[in-house]
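**Q** what's the 3D shape of this:
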Amino acid sequence: MGTNRYRMILFSLLTLLALVAQGSEEQERRQEAIAMAWVAAHNAADIEIMAAFRAQHFKRSEVTAWQDGYWRAIAQLGSLEVFGVGIDDEGAIAIEARPEHDDEQLYLIFAFHEDAPDQIASVSIEMADGPDDPDGLPDLDLDGDWQQMGTELDVWLHSLAREGLFSGAVLVAIQGEVKFEGAYGMASREFSAPNDLDTRFDVGSCNKDYTRVAILQLRAQGKLALDDTVGKHLPDYPNDIVRERVTIQQLLEHRSGLGDYFTEEYGQTPMSNLRRIEDYIPIWGPKPLLSEPGSEESYSNFGYTVLGAIIEEQSGQSYPDYVAEHVFEPAGMTRSGFFETDAVVPNVAVGYTSTGLHGPLEEPIKNIYLEPAKGGPWGKSYSTVRDLYRFYDSMMRGRILEGEDNWLEGSWTRGGIMLGGAGPGLNAMMSLEEGVMVIVLANMDPPIAESVALRVSREVRQ
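**A** Below is the predicted model of the structure:
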């Protein structure tokens, strides 16, 4: 469907909302229309349309930095085709939809404030493996105080590990206080080495936040401006249009027009050759843009690699060294780093995937030949669940970035944030809602971290 159709759908839905606001429909139908209007705003892929929707139906939300999550959802899901609308067991609106970028259907769960039924309290996504088992996981029921709930959660996670459904680590915190930590499954299946709380997992795209922090730190020092072009800092960049017209802001927002890595060249490039930023730019830098700079959003890991090159140019440090000194150290992330997959590093989980270059596999394999040998500005640093918690907690308390630059400051009281990373043999998820933070890191294929995090968050908040 094209943009014009999205705008027509949104127009018709907003018209419907105006009618039901006059009392011509009962509350349930009004909330269904609001939920469908959210879908239309998502499908429009237009930040102004979603901003207008949020201004009307998220009046109680204090979340101001929602744009990144919006673009991330568009990039990961694509447009949503709706198959049905209903009410779940808790009285929330449940929309069954199929994302453009995935064959698996999902549920969008819309909860509304009881005393303000036209105001959305939360929107969550659950994979639709079945109507009675939306994420394919066994039931989880948590009751009592935290000692009892922690025991019940630990038993549930151990059962997932025994059944081969989960391998990783989980952390739960409430309003900045860690209530639960646990590790499950195997860090190395061939050596029967279990995961523990010191195990470092690949966090995938979560570390794009480190890149964003670094750019904003350098801006605060006066070393760059967000409207600077790439060429101002990388005069030898091998593409004239990128040098002259693409800005740092566009790179941050995935609106540069740059493509992603996943081209024919990626499949033909030995992963052992991809270790430093300068290994990427000669391959993907000269490629033509997919769209005019600033004209549309398209998720770009390579765009963040270009940001990393600018960070190195302006700081005089390698990207991993800069992040270690200016992000990991102030946040107290003592066990995080950028480790090479062929290096001997203690307590690093091996990633296992059931998807190869040409499709599903009968038996899982290590992901070392499907991922670059070393991570960078786009992703693939390693952390423990506690270290990743320290990063987000430090951001929310203003310890790394201050003022308007810090898009997460104060989020402990605002909530409503989901950030993640995914790839073959790796999955990471941080969910924050109503002051409850759940972090899940897994050394197996997605969407297991998302499924566990959303299930745990929902049960803790009940």
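**Q** So which bits of the longest strand along the chain are buried?
**A** Across the chain, the longest stretch assigned as strand under DSSP state E is strand 116-127. The neighbour-count check on strand 116-127 (16 or more other C-beta atoms under 10 Å) flags D118, Q119, I120, A121, S122, V123, S124, I125, E126, M127 as buried. Yep, even glycine has a C-beta here, placed from its N, CA and C like the rest.
**Q** from these, which two are the most distant?
**A** D118 and M127 (28.0 Å; C-beta to C-beta).
**Q** Helices of the stretch 1-150 of the chain, start to end?
**A** Along the stretch 1-150 of the chain, counting by DSSP state H, counting those that start in this stretch, helices occupy 3-19, 27-44, 47-57, 67-77, 146-162.
**Q** now the stretch 51-200 of the chain, which segments are flagged as low pLDDT?
**A** Within the stretch 51-200 of the chain, the ranges that satisfy pLDDT under 70 run 62-65, 68-69, 72, 88-90, 103, 127-136.
**Q** about what we covered before: ranking the helices of the stretch 1-150 of the chain by burial, who's on top?
**A** helix 27-44 (a mean of 21; mean count of other C-beta atoms under 10 Å).
**Q** the inter-axis angle of it versus helix 67-77?
**A** Relative orientation of helix 27-44 versus helix 67-77 (axes from the mean of the first three to the mean of the last three C-alpha atoms, to 10 degrees): 80 degrees.
**Q** Kindly format the C-alpha coordinates of helix 27-44 as PDB.
**A** C-alpha atoms of helix 27-44 as PDB (Å, rounded to 0.1, in the frame of the first residue of the first chain):
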ATOM      1  CA  GLN A  27     -16.500   2.500  24.600                       C
ATOM      2  CA  GLU A  28     -15.300  -0.700  23.100                       C
ATOM      3  CA  ARG A  29     -15.900   0.400  19.600                       C
ATOM      4  CA  ARG A  30     -14.300   3.700  20.300                       C
ATOM      5  CA  GLN A  31     -11.100   2.000  21.600                       C
ATOM      6  CA  GLU A  32     -11.100  -0.400  18.600                       C
ATOM      7  CA  ALA A  33     -11.100   2.700  16.400                       C
ATOM      8  CA  ILE A  34      -8.300   4.300  18.400                       C
ATOM      9  CA  ALA A  35      -6.200   1.200  18.100                       C
ATOM     10  CA  MET A  36      -6.800   1.000  14.400                       C
ATOM     11  CA  ALA A  37      -5.800   4.600  14.000                       C
ATOM     12  CA  TRP A  38      -2.500   3.800  15.700                       C
ATOM     13  CA  VAL A  39      -2.000   1.100  13.100                       C
ATOM     14  CA  ALA A  40      -2.700   3.600  10.300                       C
ATOM     15  CA  ALA A  41      -0.200   6.000  11.800                       C
ATOM     16  CA  HIS A  42       2.400   3.300  12.000                       C
ATOM     17  CA  ASN A  43       1.800   2.300   8.400                       C
ATOM     18  CA  ALA A  44       2.000   5.900   7.200                       C
END
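**Q** What is it packed up against?
**A** In terms of contacts (3 or more C-beta pairs under 8 Å, 6 or more residues apart in numbering; DSSP states H and E), helix 27-44 is packed against helix 3-19, helix 47-57, helix 67-77, strand 80-87, strand 93-99, strand 106-113, strand 116-127.
**Q** give me the element P320 is part of.
**A** Following DSSP states H and E, one finds P320 within helix 319-323.
**Q** just the CA coordinates of that helix, formatted as PDB?
**A** In PDB, the C-alpha atoms belonging to helix 319-323 read as follows (Å, rounded to 0.1, in the frame of the first residue of the first chain):
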ATOM      1  CA  TYR A 319      35.400   3.600  18.300                       C
ATOM      2  CA  PRO A 320      35.800   0.700  20.800                       C
ATOM      3  CA  ASP A 321      38.300   2.700  22.900                       C
ATOM      4  CA  TYR A 322      36.100   5.800  22.900                       C
ATOM      5  CA  VAL A 323      33.000   3.800  24.100                       C
END
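**Q** In the stretch 351-462 of the chain, where is pLDDT below threshold?
**A** 357-359, 415.
**Q** What ranges does it have for its helices?
**A** Counting by DSSP H, counting those that start in this stretch, the helices of the stretch 351-462 of the chain are 385-396, 411-414, 448-461.
**Q** before we move on, back to that, of all the helices of the stretch 1-150 of the chain, which one is nearest A324?
**A** helix 67-77 (23.5 Å).
**Q** And the strands in the stretch 101-250 of the chain, which stretches?
**A** 106-113, 116-127, 168-174, 177-184, 186-188, 193-194, 201-202 (DSSP state E, counting those that start in this stretch).
**Q** Present those as TSV; the columns should include distance to V345.
**A** Converted to TSV, those look like this (distance: least, C-beta to C-beta, whole Å):
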stretch	distance to V345
strand 106-113	36
strand 116-127	33
strand 168-174	17
strand 177-184	17
strand 186-188	12
strand 193-194	13
strand 201-202	12
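**Q** Of these, which stretch is the most buried?
**A** Scoring the strands of the stretch 101-250 of the chain by mean count of other C-beta under 10 Å, the most buried comes out as strand 201-202, with a mean of 30.
**Q** Give the partner strands of that strand in its sheet and their orientations.
**A** strand 382-383 (antiparallel) (DSSP bridges).
**Q** Need the contact partners of the strand it pairs with.
**A** With C-beta atoms under 8 Å, 6 or more residues apart in numbering as the test, strand 382-383 has contacts from 200-203, 333, 335-339, 348, 375, 391, 441.
**Q** now the helices and strands packed on helix 27-44 as a markdown table including distance to G164?
**A** Output for the helices and strands packed on helix 27-44, formatted as a markdown table (distance: least, C-beta to C-beta, whole Å):
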| stretch | distance to G164 |
| --- | --- |
| helix 3-19 | 41 |
| helix 47-57 | 39 |
| helix 67-77 | 25 |
| strand 80-87 | 30 |
| strand 93-99 | 26 |
| strand 106-113 | 23 |
| strand 116-127 | 17 |
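**Q** Could you point out which of those sits nearest A225?
**A** Nearest of the helices and strands packed on helix 27-44 (C-beta to C-beta): helix 67-77, 19.4 Å.
**Q** so how far is stretch 369-379 off the chain centroid?
**A** 17 Å (C-alpha atoms, centre = their mean, to the nearest Å).
**Q** OK, contacts around the residue lying closest to Q217 once chain neighbours are set aside?
**A** Nearest non-adjacent residue to Q217, counting by C-beta to C-beta, 6 or more residues apart in numbering: H326, 6.0 Å away. With contacts defined as C-beta under 8 Å, 6+ apart, the neighbours of H326 are V213, A214, Q217.
**Q** Can you tell me how far the first one is from A220?
**A** The gap separating V213 from A220 is 10 Å, by C-beta to C-beta, to the nearest Å.
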